[in-house]
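**Student:** got a predicted structure here, sequence first:
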Amino acid sequence: MTHSHGALFHTDAVQAVGHVEIDVQKLGVDMLSASAHKFNGPKGIGFLYIRKGTKILPYFDGGAQESRYRAGTENIASIVGMATALEENFTMLKSNVTYIKSLEIRLIEGLRKTLIPFVLNGGDNTLPGLISLSFSGADGETILHRMDLMGISISTGSACDSVNTEISHALKAIQLEEKLTKGTIRISLGRNNTEENVDYIVSALTKVLK
């Protein structure tokens, strides 16, 4: 649709790169951005895919670095770290997805056994390991701080809005009931988590919510 109107299409794939298969040709995007820390790489480095023939203006002028798009000395160590992390994640992509999904299932089934009522947001087609849970009548901020005291880091609403107690625009967009939005938390599981971690999360949540 964008191309039929002569417009370019950019997608923010920060959450997806390194976690699910991505083919820029099948997607048909003109640009795609990613961030290394989301796939076990260094913080403060990322990349922008630009389809051949797509014209953009330089971010910084004054030097020939990065094909004249961004002048200044490149952070070579972080670039190498990012490339290595991305290669490793894509090499282990299928096994990582299978393992992380098993942790996710273990967490959800463990919570269901506690008989604490909750809503699992997002449907079935979600990124592996990203779990959004809503607890009616609960306070997400309180859950977050209590879990933090037990050594567990989670987020409320949108991770990009973690210092803001207003209801996340994402939760508004999926038209979640207000009594659920305030009690919504997000748990992120990765390949370095274990079944013991998951069981501890379930145990801690049970203590907080009861």
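**Tutor:** Nice, thanks for sending it over.
**Student:** residues of stretch 196-205 that come out buried?
**Tutor:** For stretch 196-205, a neighbour-count test (16 or more other Cβ atoms under 10 Å) marks 197-198, 201-202, 204-205 as buried. Where you see a C-beta, it was placed from the backbone N, CA and C, and this is true even at glycine.
**Student:** pull the most distant pair out of the residues you listed.
**Tutor:** Spatially, the most separated pair among those is 197 and 205, at 12.6 Å (Cβ to Cβ).
**Student:** could you chop this protein up by domain?
**Tutor:** Recorded structural domains for the chain (assignment: automatic domain parsing) are 3-91, 94-209.
**Student:** might one say that residue 50 is in contact with residue 56?
**Tutor:** Yes - contact status for residue 50 versus residue 56: in contact at 6.6 Å, counting by Cβ atoms under 8 Å.
**Student:** so which other helices or strands are in contact with the lengthiest helix in the chain?
**Tutor:** Taking DSSP state H as the criterion, the chain has its longest helix at helix 93-113. For helix 93-113, the elements it packs on are strand 130-134, helix 195-209, judged by 3 or more Cβ pairs under 8 Å, 6 or more residues apart in numbering; DSSP states H and E.
**Student:** if you count surrounding residues, which of residue 50 and residue 56 has more?
**Tutor:** Higher neighbour count among residue 50 and residue 56: residue 50, with 19 against 12, using other Cβ atoms under 10 Å.
**Student:** pLDDT score for that one?
**Tutor:** pLDDT, residue 50: 95.
**Student:** what's near enough to touch it?
**Tutor:** The neighbours of residue 50, taking Cβ atoms under 8 Å, 6 or more residues apart in numbering as the test, are 30-31, 56.
**Student:** of these, just say which sits nearest to residue 137.
**Tutor:** residue 31 (43.0 Å).
**Student:** what's opposite that closest one in the beta bridge?
**Tutor:** Per DSSP bridges, residues listed as beta-bridge partners of residue 31: residue 10, residue 50.
**Student:** number of residues surrounding it?
**Tutor:** Neighbour count for residue 31, taken as other Cβ under 10 Å: 17.
**Student:** right, and it touches residue 7 too?
**Tutor:** No - using Cβ under 8 Å, residue 31 makes no contact with residue 7, being 11.9 Å away.
**Student:** weakest of the domains of the chain in terms of mean pLDDT?
**Tutor:** Within the domains of the chain, confidence is poorest for domain 94-209, with a mean of 89 (mean pLDDT).
**Student:** coming back round to it: out of the domains of the chain, which is the most enclosed?
**Tutor:** With neighbours taken as mean count of other Cβ atoms under 10 Å, the domains of the chain reach their highest mean count in domain 94-209, at a mean of 16.
**Student:** list the beta-bridge partners for residue 185.
**Tutor:** Beta-bridge partners recorded for residue 185 (DSSP bridges): residue 133, residue 156.
**Student:** just confirm it contacts residue 154, I think it does.
**Tutor:** Yes - using Cβ under 8 Å, residue 185 is in contact with residue 154, at 5.2 Å.
**Student:** tell me, what's touching these two both at once?
**Tutor:** 143-144.
**Student:** list the contacts for residue 193?
**Tutor:** Neighbouring residues of residue 193 by Cβ under 8 Å, 6+ apart: 100, 103, 129.
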